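> Predicted model, plus sequence, below.
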Amino acid sequence: MSKPSALNEAFSPGLEGVVAAETAISSVDGDQGELVIRGYAVEDLAPHATFEEVAFLLWHSTFPDRETLNRFRIDLSDRQEIEPHTLALLKSAAVRSVPPMDALRMACGSLATRMADAGSASERSAAAREDALRLIATFPVFVATYHRLSHGLQPIAPRRDLSLAGNFLYMLRGHEPPADEVRALDTYLNTVADHGLNASTFTARVIVSTDSDVVSAVTGAVGALKGPRHGGAPGLALYQVLEVGHADRAAAVLAAKLDRGERLMGFGHRIYRTRDPRADVLNAAAERLFAGGRDRRIYDLARAVEASALQLLRERKPDRVLQTNVEFYTALVLHGLELPTPIFTPVFAMARVAGWTAHCLEQMTANRLFRPESTYIGPRNRRITVI
């Protein structure tokens, strides 16, 4: 029997445990249950900053002062308009009932990159930042516009006096949102804006490492986020809560799911071996949101479902650490904001585009093409037989 090569011995399915990049953007410690964004613990950062401040922080590693923040907001506002060909594309997609994440991918890919004509390194850097600004600015417009078009409603243009979070809610509904809802959405966007070298962020870095443009990199990242094993599951966590219906049924409904070999949505994470810190941030955000005079029944039901799920998982899977993850309270916060379930993942993308673009810009500063090896396990020495 031949001895395995060094390459075979190094094989890591899913690249688990392989360090493929150095980054100063975020750090995820799954054993300690910690997420650090540019040096700030997510639980300190997310509930207090605006999404514009976090996007700036991700790009520049520092908070903007008041004047710089105002300039950044103006820069974003100047780039929110949807070009006619993109609007026509979204209208066509709505007629065909294209899923919202597919519509977002199509709209993202329709943006013309400023990097196409850039020559020097400084020109490419400036063009990449222009692309990044336009992506962050237009994602909320894409999502809100497509939602309205798909429901037979006319799009609403963004207002220059509203923040990205406030504008998104305004463009969905047609009226200015209350401050507590803007704060809740800002907290959500901040909480999920970046999370280490996850699948979609890795996709973006791989694409830009080929000297491709930021628009292409983010379009690829949207495709990765669409998958239910990455960003496509918050809606499923909400459906699970609604399926239970009443706190008294939680244990029985969830036990039946486990008996059928089904996964309990909103519990367990590939990285975290303890509670997902983002879940705590969003739990607090949901509690504040539902305390503001809203019907608390869905919040109280979700807490009962969470308690039952954690108890069952401890009993049924004692060898695994399956704690509440970000998907569970994402579903509750977005539902509390009265956002339709089909746009939960596109709203996730609205947040994560800040992290994607930050990683693209970082990758460009000291670029090396990603080119991992593979182990061939197919046949050898085959010969064609000519008939």
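On my side now, so go ahead.
> so where's the stretch 101-250 of the chain shaky on pLDDT?
Along the stretch 101-250 of the chain, segments meeting pLDDT under 70 span 232-233.
> Following element in sequence after the longest helix anywhere in the chain, please.
Counting by DSSP state H, the longest helix found in the chain is helix 121-150. As assigned by DSSP states H and E, the chain's next helix or strand after helix 121-150 is helix 164-173.
> Which neighbouring elements make contact with that next one?
Contact analysis of helix 164-173 by 3 or more C-beta pairs under 8 Å, 6 or more residues apart in numbering; DSSP states H and E lists helix 51-60, helix 121-150, helix 179-191, helix 344-365 as its packing neighbours. (Glycine included, C-beta is placed from N, CA and C.)
> is it true that residue 211 touches residue 367?
Yes. The criterion here is C-beta atoms under 8 Å, and residue 211 meets it with residue 367 at 7.4 Å.
> Give the closest residue to residue 271 in space, chain neighbours not counted.
Once flanking residues are discounted, residue 271 sits nearest to residue 30: 4.0 Å by C-beta to C-beta, 6 or more residues apart in numbering.
> and what of residue 290?
Spatial nearest neighbour of residue 290, excluding adjacent residues (C-beta to C-beta, 6+ apart): residue 299 at 4.2 Å.
> do residue 228 as well
Leaving aside its sequence neighbours, residue 228 sits nearest to residue 236 (C-beta to C-beta, 6+ apart; 7.2 Å).
> what's the answer for residue 98, then?
Spatial nearest neighbour of residue 98, excluding adjacent residues (C-beta to C-beta, 6+ apart): residue 106 at 7.3 Å.
> Likewise for residue 108?
The shortest distance from residue 108 to any non-neighbouring residue, by C-beta to C-beta, 6+ apart, is to residue 219 (4.8 Å).
> Tell me how many other residues surround that neighbour.
Residues lying near residue 219 (other C-beta atoms under 10 Å) number 22.
> So it is in contact with residue 105, correct?
Yes. If you go by C-beta under 8 Å, residue 219 and residue 105 touch, sitting 6.2 Å apart.
> sorry, back to before: compare the helices and strands packed on helix 164-173 and give me the one nearest residue 204.
Closest approach to residue 204 among the helices and strands packed on helix 164-173 (C-beta to C-beta): helix 344-365, 4.5 Å.
> Report the angle between the closest one and helix 164-173.
Angle of helix 344-365 versus helix 164-173, following axes from the mean of the first three to the mean of the last three C-alpha atoms, to 10 degrees, is 140 degrees.
> starting at the chain centroid, how far to helix 344-365?
Put simply, helix 344-365 sits 8 Å off its chain's centre (C-alpha atoms, centre = their mean, to the nearest Å).
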